[in-house]
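Undergrad: sequence first, predicted model second:
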Amino acid sequence: MISAVLIAGTHSGVGKTTITLGLMAALRKRGLKVQPFKVGPDFIDPSHHTTVCGRPSRNLDTYMMGVEGVKRSFAEAVKDADVAVVEGVMGIFDGLDASEEASSAHVAKALNIPVLLVMDVRGTSRSAGAMELGYSSFDPEVKIAGTLLNRVGSERHLSLLKKSLKRPILGAMPVRKEVEVESRHLGLKMSFEKEHNLGALASLVEEHSDVDGIIKLGWKPSFDFDQSWKGEIKEGKVRIGVAMDEAFCFYYHDNLEELRKAGAEISFFSPLRDDLPDVDGLYIGGGYPELHQEGLEAGRAREQIRRASEDDMPIYGECGGLMYLTEAITSGDSRHSMVGALPAETIMTKNLQALGYVEAEVVKDNPVSDLGTRIRGHEFHYSRIDCQGDARFVYHLVRGKGSRDGLDGLLEHSTLGGYLHTHFYSYQIGRFIDSCRSYSRR
């Protein structure tokens, strides 16, 4: 059986991402196959995990995926791995509306994974013991196996902490500014935007933590390990184009896998550089189109996608994909034309417009999801869209803000775009595949 560990923090900003990346790098340096995971709806941390581990990082989110979905994704991913490392989200017990749902603790309990608690110990000694006691006893079902201390000031500081803490200290990290990851308005910078010094990360963890002790924590799964999908690939494969470049890079790995399982062949392309490939449908995920407006405006694919939309090709866009599918993106005095498949314009804003989990009910017939379906996902954007008066929306939001007045999922022809980042474990995507298949037979 493989080893597994969840790296959780007392709160956001304690350094769990840097420590997690360092641990992953150290384990890989030992020749181990490391399967990475991220708790929550994050796209950015998983990009760093994937770079370090050489394996796609998967999201584990009990709100979007359900407990059984979390187990299934985990079981599928670790089949040939030696060790699984899960990075938590926010503080260990922080979940949806002050509940445990979608928290790191909820995932740890669902998978029965031992937890290492990252604590920022600057300016503390004996008080760290009180902190450890509180977090360890708050929910006895969460198995906190030890602590990872961050920003330890000196050997004397560490000796005082050892006198105060009861659980094993499996790491004591000094301050290392050079290995911290830069951030921007949607979070940390993407992996391709930062040159990782993997050697420095691995050395930091090897020198200041007990990697052997972490591996020996082991893992005893609390569920049938053979949770993986056993269905048959449907006949009559279709080709779906997936936008993948610096502008569009926010995809849950499981979403791409679900498309493949449903019978889709995926053709990746860059709207910045490539022509639209010969495909039967399009999936344009989120990302940073606002940082690449000139390149997207000049790209050959822009006009080609507009014509495909007018020809009724099924096109599905999420957040950044929505922005690209509108008529233009305006940032201050700058305006750049986009695809123009949807009757709206995107306006960039200085302030956050929406952040949080979303639940949507499908209230209008569309090429992606069945009428009456409930879909769960997440929204996070610094923009708004100005729609034409007769704009048609597919989603009524039970939870979340959306595009306008609690509505989301702008529809024109067979093109659907919304701020909602959906997780395909929350609903069946067979309708989208069938729509693409029908289009390919015209």
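TA: Okay, I see it.
Undergrad: how close does Ile169 get to Asp254?
TA: 35 Å (CB to CB, to the nearest Å). For every residue, glycine as well, the C-beta is placed using N, CA and C.
Undergrad: the more surrounded of the two?
TA: Counted by other CB atoms under 10 Å, Ile169 and Asp254 do not tie: Asp254 has more neighbours, with 24 against 19.
Undergrad: give me the contacts around the helix or strand hosting that one.
TA: Mapping Asp254 onto the secondary structure by DSSP states H and E places it in helix 253-261. Under the contact criterion CB atoms under 8 Å, 6 or more residues apart in numbering, helix 253-261 has outside partners 46, 56-59, 65, 73, 76, 229, 231, 233, 240, 242, 266, 283, 422-425, 429, 433.
Undergrad: ok, now with 6 Å
TA: For helix 253-261, contacts defined as CB atoms under 6 Å, 6 or more residues apart in numbering pick out Pro56, Arg58, Ser73, Trp229, Phe424, Ile429.
Undergrad: closest one of the residues you listed to Val5?
TA: Val5 has its nearest neighbour among those in Arg58, at 15.6 Å by CB to CB.
Undergrad: contacting residues for that closest one?
TA: Phe37, Ser73, Ala77, His253.
Undergrad: try it again at 8 Å.
TA: Counted by CB under 8 Å, 6+ apart, Arg58 has contacts Pro36, Phe37, Lys38, Pro46, Ser73, Phe74, Ala77, Tyr252, His253, Asp254.
Undergrad: tell me what it is bridged to.
TA: Phe37 (DSSP bridges).
Undergrad: name the element the nearest residue to Met323 once chain neighbours are set aside belongs to?
TA: With sequence-adjacent residues excluded and distances taken as CB to CB, 6 or more residues apart in numbering, Met323 is closest to Thr346, at 4.4 Å. Assigned by DSSP H and E, Thr346 falls within strand 344-348.
Undergrad: that strand pairs with which strands?
TA: Partners of strand 344-348 in the sheet, by DSSP bridges, are strand 328-331 (parallel), strand 383-387 (antiparallel).
Undergrad: what does it contact?
TA: 290, 322-323, 326-332, 338, 382-388, 391, 403, 410.
Undergrad: can you give me the neighbour number for the spatially closest residue to Pro343 that is not a sequence neighbour?
TA: Distance criterion CB to CB, 6+ apart; nearest residue to Pro343, sequence neighbours excluded, is Gln388 at 4.2 Å. A count of neighbours around Gln388, defined by other CB under 10 Å, yields 13.
Undergrad: quick one on the thing from earlier: the residue nearest to Met323 and Gly417: what is the separation?
TA: 10 Å.
Undergrad: got any residues that touch both of these two?
TA: Contact criterion CB under 8 Å, 6+ apart; residues shared by Thr346 and Gly417: Leu322, Thr326.
Undergrad: report the buried members of the contacts of helix 253-261.
TA: Pro56, Arg58, Ser73, Phe424, Ile429 (16 or more other CB atoms under 10 Å).
Undergrad: you'd agree Glu359 is up against Thr373?
TA: No - taking contacts as CB atoms under 8 Å, Glu359 lies outside contact range of Thr373: 11.0 Å.
Undergrad: common neighbours of the two, please.
TA: Counting by CB under 8 Å, 6+ apart, no residue touches both Glu359 and Thr373.
Undergrad: follow-up on the earlier one: residues of the helix holding Asp254 that come out buried?
TA: His253, Asp254, Asn255, Leu256, Glu257, Glu258, Leu259, Lys261.
Undergrad: quick one, longest helix in this protein?
TA: Once the chain is assigned using DSSP state H, the helix that runs over the most residues is helix 62-77.
Undergrad: quick one: buried residues of it?
TA: 62-66, 69-75, 77.
Undergrad: what's the answer for stretch 80-97, then?
TA: In stretch 80-97, counting by 16+ other CB under 10 Å, buried: 81-96.
Undergrad: how is the chain divided into domains?
TA: Structurally, the chain divides into domains by automatic domain parsing as follows: 3-215, 238-440.
Undergrad: including distance to Phe223, could the ones you listed go into CSV?
TA: Shown next, in CSV, are the domains of the chain (distance: least, CB to CB, whole Å):
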stretch, distance to Phe223
domain 3-215, 5
domain 238-440, 16
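Undergrad: can you put the ones you listed in a markdown table and add mean pLDDT?
TA: Output for those, formatted as a markdown table (pLDDT from 0 to 100):
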| stretch | mean pLDDT |
| --- | --- |
| domain 3-215 | 91 |
| domain 238-440 | 96 |
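Undergrad: looking at the contacts of helix 253-261, spot the one nearest Leu276.
TA: When the contacts of helix 253-261 are compared against Leu276 (criterion: CB to CB), the nearest one is Ile429, at 21.3 Å.
Undergrad: just checking, that closest one touches Val368?
TA: Yes - in this structure, Ile429 is within contact of Val368 by CB under 8 Å, at 7.5 Å.
Undergrad: which of the three states applies to the nearest residue to Asp82 once chain neighbours are set aside?
TA: Of all residues not flanking Asp82 in the chain, Leu32 sits nearest, at 4.2 Å (CB to CB, 6+ apart). For Leu32, the assignment made with DSSP: H, G, I helix; E, B strand; the rest coil gives coil.
Undergrad: what's the answer for Ile214, then?
TA: Assignment for Ile214 (three-state DSSP): helix.
Undergrad: isn't it right up against Thr147?
TA: No - applying CB under 8 Å, one finds Ile214 not in contact with Thr147, separated by 11.7 Å.
Undergrad: any shared contact partners between these two?
TA: Shared contacts of Ile214 and Thr147, defined by CB under 8 Å, 6+ apart, are found at Leu116, Leu170.
Undergrad: list the contacts for the closest residue to Leu111 other than its chain neighbours?
TA: Spatially, and ignoring its direct neighbours in sequence, Leu111 is nearest to Phe74 (5.9 Å; CB to CB, 6+ apart). Counting by CB under 8 Å, 6+ apart, Phe74 makes contact with Phe37, Arg58, Leu60, Ala84, Leu111, Gln227.
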